[in-house]
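Novice: got a sequence here, can you model it:
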Amino acid sequence: MGNPLRGEVFRLYKNLLYLGREYPKGSVYFRERLKTAFMKNKDETDPEKIKKLVARGDFVIKELEALYFLRKYRTLKKRYYEPEQ
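Specialist: Take a look at the predicted model:
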């Protein structure tokens, strides 16, 4: 029987992979780092530890979303407002 948290980990990986497409250093860089991070913890079996790792992954998702929002905001601000001197 499989681990009940497997689906949650798979969902987290897919979400991070999707968000990594717009990463400033490039999607290839992000994908390699993501794969390394998941492979480092692939043998983890303790459900509490897995839940903590998933919570950390959810935090990373929120940080990436904030990064992208800020980047888009700065782009719009540069485009539509006069530069301050």
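Novice: need the phi and psi values for Asp43.
Specialist: phi -90, psi 10 (degrees, to the nearest 10).
Novice: distance check, it against Lys49.
Specialist: 11 Å (C-beta to C-beta, to the nearest Å). Every C-beta, even on glycine, is put in place using the N, C-alpha and C of the backbone.
Novice: more neighbours, those two?
Specialist: More neighbours surround Lys49 than the other of Asp43 and Lys49, with 11 against 6 (other C-beta atoms under 10 Å).
Novice: averaged pLDDT, stretch 35-47. What do you get?
Specialist: Throughout stretch 35-47, pLDDT has a mean value of 92.
Novice: gap between the two ends of it?
Specialist: In stretch 35-47, first residue to last residue: 21 Å (C-alpha to C-alpha, to the nearest Å).
Novice: centre of the chain to it, how far?
Specialist: 16 Å (C-alpha atoms, centre = their mean, to the nearest Å).
Novice: please enumerate the strands of this protein.
Specialist: Using DSSP state E, the chain contains no strands.
Novice: longest single helix anywhere in it?
Specialist: helix 47-80 (DSSP state H).
Novice: just for this structure, where's the confidence low?
Specialist: 1-2, 84-85 (pLDDT under 70).
Novice: if we go to 50?
Specialist: Scanning the chain for pLDDT under 50 picks out 1.
Novice: tell me how far the longest helix of the chain lies from the chain's centre.
Specialist: 7 Å.
Novice: so which bits of it are buried?
Specialist: Within helix 47-80, the residues scored as buried using 16 or more other C-beta atoms under 10 Å are 50, 53, 57, 60, 64.
Novice: any chance of those in CSV, plus distance to Thr75?
Specialist: Shown next, in CSV, are those (distance: C-beta to C-beta, whole Å):
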residue, distance to Thr75
Ile50, 38
Leu53, 33
Gly57, 27
Val60, 23
Leu64, 17
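Novice: farthest-apart pair in those, please.
Specialist: Ile50 and Leu64 (20.9 Å; C-beta to C-beta).
Novice: can you tell me what sits against stretch 49-69?
Specialist: When contacts are defined by C-beta atoms under 8 Å, 6 or more residues apart in numbering, stretch 49-69 is touched by residues 3, 5, 8-9, 12, 15-16, 19-20, 22-24, 41, 44.
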